[in-house]
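Visitor: Quick one: sequence plus predicted model below, questions after.
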Amino acid sequence: MTNEGGAVKESVATLYDTDFYAWTQQRAELTNRLAQLSAHLLKWEAQPAQRPTQGRSLRLTIAEQRRQIDRLMRKNPSLKPVPEAMADAWVMRD
């Protein structure tokens, strides 16, 4: 019996390590996407004169980052608190 209990504990520890590793990778991806989104939104705000030539590209990049962030948050609910706190700052104005 002791051996089975040890195997269960080891299995749970392995699952935890695997889950934690996956979570840290997803957290890193979210951080990178938030940084890209922030940089492009800042560029949008700071360089309105560039919008006629780069506006479409910026809009597409911003939309894609938002889609990917939304996908990550739906897939990993534990990631939600970080972006929710910043969501109001990301409203793009024309």
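Guide: Thanks, I have it.
Visitor: from the chain's centre, how far out does the longest helix seen in the chain sit?
Guide: Using DSSP state H to define each element, the chain has its longest helix at helix 2-46. Here the centre of helix 2-46 is set off from its chain's centre by 10 Å, with C-alpha atoms, centre = their mean, to the nearest Å.
Visitor: centroid residue for this structure?
Guide: L30 (2.1 Å; C-alpha atoms, centre = their mean).
Visitor: I figured that residue was touching R71, is that so?
Guide: No: using C-beta atoms under 8 Å, L30 makes no contact with R71, being 10.2 Å away. Where C-beta positions appear, they are placed from N, C-alpha and C, glycine not excepted.
Visitor: any idea which helix or strand comes after the longest helix of the chain?
Guide: Following helix 2-46 in sequence order, the next helix or strand is helix 51-75 (DSSP states H and E).
Visitor: buried sites along that following helix?
Guide: Buried residues in helix 51-75, counting neighbours by 16 or more other C-beta atoms under 10 Å, are found at L58, T61, I62, Q65, R66, Q68, I69, L72, M73.
Visitor: need the contact list for the residue nearest to the fourth one when sequence neighbours are not counted.
Guide: In space, not counting the residues next to it along the chain, Q65 is nearest to L37; the distance is 4.0 Å by C-beta to C-beta, 6 or more residues apart in numbering. The contact partners of L37, by C-beta atoms under 8 Å, 6 or more residues apart in numbering, come to I62, Q65, R66, I69, W90.
Visitor: What is the nearest of those residues to K43?
Guide: Using C-beta to C-beta, I62 comes nearest to K43 of the contacts of L37, at 9.5 Å.
Visitor: Tell me how many other residues surround the closest residue to that closest one other than its chain neighbours.
Guide: Once flanking residues are discounted, I62 sits nearest to H40: 5.2 Å by C-beta to C-beta, 6+ apart. Per other C-beta atoms under 10 Å, the neighbour tally for H40 reads 20.
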